[in-house]
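Novice: below: sequence and its predicted model.
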Amino acid sequence: MRGGRQDEVLALAERLFTEDRPEDALVLFEHLLGGSHDYAAWIGVSRSHLAGGRVLEALRALVKAKALTPDIHALWPLIQQQTALGSEAFNRHLNGGDVAQAELYASVMAELMPGGAQMVAAAMGCNQALGRMDVALDFARRLIVLEPGHVGALTLLADEARASGDHATEIRHRAVLAVSPDEDIHPLVRLRDFHEAMSLLLCRPLTDNDIGLLTHLAAEIPNAAMGDLLADPEWADWVHHYRALLGSLDIGSITSLTPAPPADPPARYLTATGEPLDAAGLKALADRLDVQAVFFAAADEKYVDQYGRWYGLSVLRHSDVSSLVVIHVIGGAGRLAEAVKVVGVKDERLVFVGDDFDASAVATRCYDAPPKGLIALPVAHFQSVRFQRLGGLLETLARPIFVSDIDLLLQRGVSDLLEEWAKADVVFNENWKNLAAGSRITANLLLVNPTPNAARLFSYLRAYLDDRLDREVVTRWIDQVALLLGRHHLTRHAPDTVLGCFDTTKDINNIMFESYQEHPFRFLSLYHGFDTSSLENDPRVLGAEPD
C-alpha cells in the first residue's frame with residue numbers, strides 16, 4: 001500500500017472511530033499494521049479494543065505503541081486511562097480467585113509501566129502463585145531494582161540462589177532481609193533470615209569483609225520481647241530455638257586471642273581390668289602397649305550402659321593398629337567400677353574416667369528445634385564434655401585421637417586413615433550439603449593429631465563451651481556451633497593449620513539407619529532411635545571372636 005493510500009485508510013479509520021464504529025475502525029487499524037503508520041495504527045487498535053470493552057487487548061496494543069514512540073509523555077493520558085481500567089479488572093479477577101486471569105493484566109501493565117513497582121510486584125506474585133517460577137524470578141529481578149528492599153522479591157531471589165548454589169547472592173539478599181525496616185516481616189521470619197544469612201557466611205572461609213558483615217548482623221539481631229509469639233506455644237519454641245542458636249554465634253571469639261585452658265583437677269582412670277591409674281599411669285600404659293591411636297567418647301551413665309559395650313568391642317575387634325579406648329563417664333567419677341561392670345569388657349585397653357558433673361544442678365535451659373523445644377535433660381552439657389576434656393587427654397597421651405559419640409561402631413581398620421591424615425591437625429565430619437551453622441560440622445567424629453594447632457583449637461573450645469554452658473539459655477547444637485566457630489578461630493590465628501574432612505561416602509555416615517544393615521562405612525553412627533536389638537548376634541557387627 002502506497003503512502004498516500006495509507007493516509008487515506010488511517011483517516012477513514014479515525015472517522016469510523018469518531019462515529020462510534022470501533023469494530024469497523026479496528027479492521028482498518030489492523031490493516032495498517034506493519035506499514036509507515038504503525039504507531040498510529042497501534043494506538044487505534046488499542047482505543048478500538050477499549051471502546052469494545054476488551055481492556056486486556058487494549059493494553060497489549062498500547063504496549064506495542066509505547067515501544068514505537070519517542071514521546072512517552074504524549075502517550076501518558078491514554079496509559080493512565082487504560083491502566084486504571086486494567087487495575088479494576090486485575091482486582092476483580094484476583095478477588096474472584098482467578099489468579100491466572102489476573103496475571104494476564106498484571107504482566108501486561110508491568111510491561112506498560114516498567115517503573116511501576118506495584119504492578120511489577122503483582123505480576124511477580126501471580127506468577128509465583130501459579131508456579132511459573134522462571135517468570136516470577138524475572139519480575140523479582142526487575143522489582144529489586146525499583147525497590148531494593150522489597151521483601152517478596154528478596155525472599156524469592158534468595159530462595160532461588162540457594163537452590164542454584166549461588167551462596168554469595170543468597171547471603172546478600174538474606175542480610176538485607178534480616179535488617180529490613182519493613183514492619184510487616186513476621187518476627188520469626190526475620191529471625192530465620194538472620195540465622196540463614198549468618199550460617200551461609202560461617203559455612204565458608206571468612207574474609208575480613210565477612211567478619212564485618214557477621215559482626216553487623218549479630219549486633220542487629222532483635223532482642224525485644226516477642227510478645228504474642230512467646231504466648232503462643234506454636235511459635236514460642238521456634239523463637240527460643242532461633243534465639244538460642246543465634247545467641248551462640250559469638251563472632252568476636254573468632255578474632256579474639258585464644259584463651260589459656262583452665263587447670264582441671266587430676267584425672268583418675270580405671271582400666272576395665274580394675275587397675276586405677278593417674279595421668280602418668282595412663283601414659284605409661286599407652287607406651288607399654290605401643291598405642292598408635294586413641295578412641296575417646298563421653299556419655300552419661302545411661303548412655304554408657306546402653307552403648308559402651310558395643311563401642312568398646314567394635315574398636316577392640318576392628319582396629320588394625322594398637323589402640324586404647326577411653327570412655328568418659330559424665331558424672332560418674334565415684335562410680336567407675338560400676339561402669340566397668342555394666343560394660344562388661346575385661347580388657348586393659350579399655351579405660352574409664354569420670355567427673356563430678358551433677359545434671360540436677362544445671363539451671364541452663366536447653367532448646368532444640370520444634371517439636372522438641374525445651375529439653376529436660378542437659379544434653380548440651382553431655383554433648384560438650386568430650387570437647388572440653390579432649391585438650392588434657394591429647395596433652396597426656398600425645399597420640400592421634402578419634403573423638404566420637406559413644407553410639408558409634410568401628411567396622412574396619414583405621415591404619416590407612418591415620419596414614420592419609422598424618423600431617424593434618426584436625427579432621428572433621430563436614431556435612432557439605434547442610435548450610436546451617438549448627439549442622440555444618442557433625443560432632444559425631446573427629447580425628448585429632450597431637451599438634452600445637454590442635455591444642456589451640458581445643459583451648460578455644462574449652463573456653464567457649466565453659467562460657468556458653470554457664471548461661472541461662474543454650475542451644476542443643478552448641479557443640480557443633482563450637483566446632484564451626486573454632487575452626488574459623490584456628491585458621492585465622494594459625495594460617496599454617498592443616499585441616500581435613502572424612503569421606504562421608506565410606507568413612508562416616510551422615511544418613512540415618514533405623515537398624516543394622518549392610519553399609520559401606522568405616523564408622524557407623526547409630527543416631528537417635530536406632531534399634532540396638534538388631535546388633536545382637538549379628539556377625540557383621542563385631543566379626544568373629546578374636547583368637
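Specialist: Ah, there it is. Numbers count the residues shown, from 1 in each chain.
Novice: residue 297 versus the residue nearest the centre of the chain, what's the distance?
Specialist: By C-alpha atoms, centre = their mean, the mean C-alpha position of the chain lies nearest to residue 436, the distance being 2.6 Å. Residue 436 sits 25 Å away from residue 297, taking C-beta to C-beta, to the nearest Å as the criterion. Placement of C-beta: from N, CA and C, glycine included.
Novice: assign a three-state SS to the residue nearest to the centre of the chain, would you?
Specialist: coil (DSSP: H, G, I helix; E, B strand; the rest coil).
Novice: dihedrals phi and psi, it?
Specialist: phi -100, psi 140 (degrees, to the nearest 10).
Novice: which residues in the stretch 1-150 of the chain form helices?
Specialist: 3-18, 22-32, 38-51, 55-68, 72-95, 99-112, 117-129, 133-146 (DSSP state H, counting those that start in this stretch).
Novice: what's around residue 266, how many residues?
Specialist: Using other C-beta atoms under 10 Å, residue 266 has 9 other residues around it.
Novice: tell me who's in contact with it.
Specialist: Residues near residue 266 by C-beta atoms under 8 Å, 6 or more residues apart in numbering: 278-279.
Novice: state the distance from it to residue 488.
Specialist: 33 Å.
Novice: what's the answer for residue 526, then?
Specialist: From residue 526 to residue 488 the distance is 30 Å (C-beta to C-beta).
Novice: again with residue 302
Specialist: Taking C-beta to C-beta as the measure, residue 302 falls 34 Å from residue 488.
Novice: with neighbour numbers in mind, choose between the two.
Specialist: Here residue 302 and residue 488 are compared on neighbour count by other C-beta under 10 Å; more neighbours surround residue 488, at 22 against 11.
Novice: where are the low-confidence patches of the stretch 301-450 of the chain?
Specialist: Across the stretch 301-450 of the chain, nothing is flagged by pLDDT under 70.
Novice: all strands for it, in order.
Specialist: 323-330, 350-354, 365-367, 374-375, 401-404, 408-410, 426-430, 441-448 (DSSP state E, counting those that start in this stretch).
Novice: for the nearest residue to residue 449 once chain neighbours are set aside, the count of nearby residues, please.
Specialist: Spatial nearest neighbour of residue 449, excluding adjacent residues (C-beta to C-beta, 6 or more residues apart in numbering): residue 400 at 5.2 Å. Counted with other C-beta under 10 Å, residues neighbouring residue 400 total 24.
Novice: can you pull out the low-pLDDT segments for the protein?
Specialist: Within the chain, the ranges that satisfy pLDDT under 70 run 1-4, 223-227, 544-547.
Novice: correct me if wrong: residue 423 contacts residue 500.
Specialist: No. Taking contacts as C-beta atoms under 8 Å, residue 423 lies outside contact range of residue 500: 9.1 Å.
Novice: looking at those two, which is more packed in?
Specialist: Just comparing residue 423 and residue 500: by other C-beta under 10 Å the higher neighbour count belongs to residue 500, 17 against 9.
Novice: separation between that one and residue 491?
Specialist: On the measure of C-beta to C-beta, residue 500 and residue 491 end up 13 Å apart.
Novice: ditto for residue 450
Specialist: Distance check for residue 450 against residue 491: by C-beta to C-beta, it reads 19 Å.
Novice: the residue nearest to residue 389 when sequence neighbours are not counted: neighbouring residues, count only.
Specialist: Excluding its sequence neighbours, the residue lying closest to residue 389 (C-beta to C-beta, 6+ apart) is residue 328, at 6.1 Å. Neighbourhood size, residue 328 [other C-beta under 10 Å]: 25.
Novice: residue 328 reaches residue 353, doesn't it?
Specialist: Yes. If you go by C-beta under 8 Å, residue 328 and residue 353 touch, sitting 5.3 Å apart.
Novice: ok so, going back, need the helices of the stretch 1-150 of the chain in a markdown table with distance to residue 237 and mean neighbour count, can you?
Specialist: Formatted as a markdown table, the helices of the stretch 1-150 of the chain follow (distance: least, C-beta to C-beta, whole Å; neighbours: other C-beta atoms under 10 Å):
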| stretch | distance to residue 237 | mean neighbour count |
| --- | --- | --- |
| helix 3-18 | 66 | 15 |
| helix 22-32 | 63 | 19 |
| helix 38-51 | 55 | 22 |
| helix 55-68 | 48 | 20 |
| helix 72-95 | 35 | 15 |
| helix 99-112 | 34 | 22 |
| helix 117-129 | 29 | 22 |
| helix 133-146 | 31 | 18 |
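Novice: any idea which of those helices gets closest to residue 158?
Specialist: Checking the helices of the stretch 1-150 of the chain against residue 158 by C-beta to C-beta gives helix 133-146 as the closest, at 9.9 Å.
Novice: next, the angle helix 117-129 makes with whichever helix or strand comes after that closest one.
Specialist: The C-terminal neighbour of helix 133-146 among helices and strands, as given by DSSP states H and E, is helix 151-164. Between helix 151-164 and helix 117-129, the angle comes out at 40 degrees (axes from the mean of the first three to the mean of the last three C-alpha atoms, to 10 degrees).
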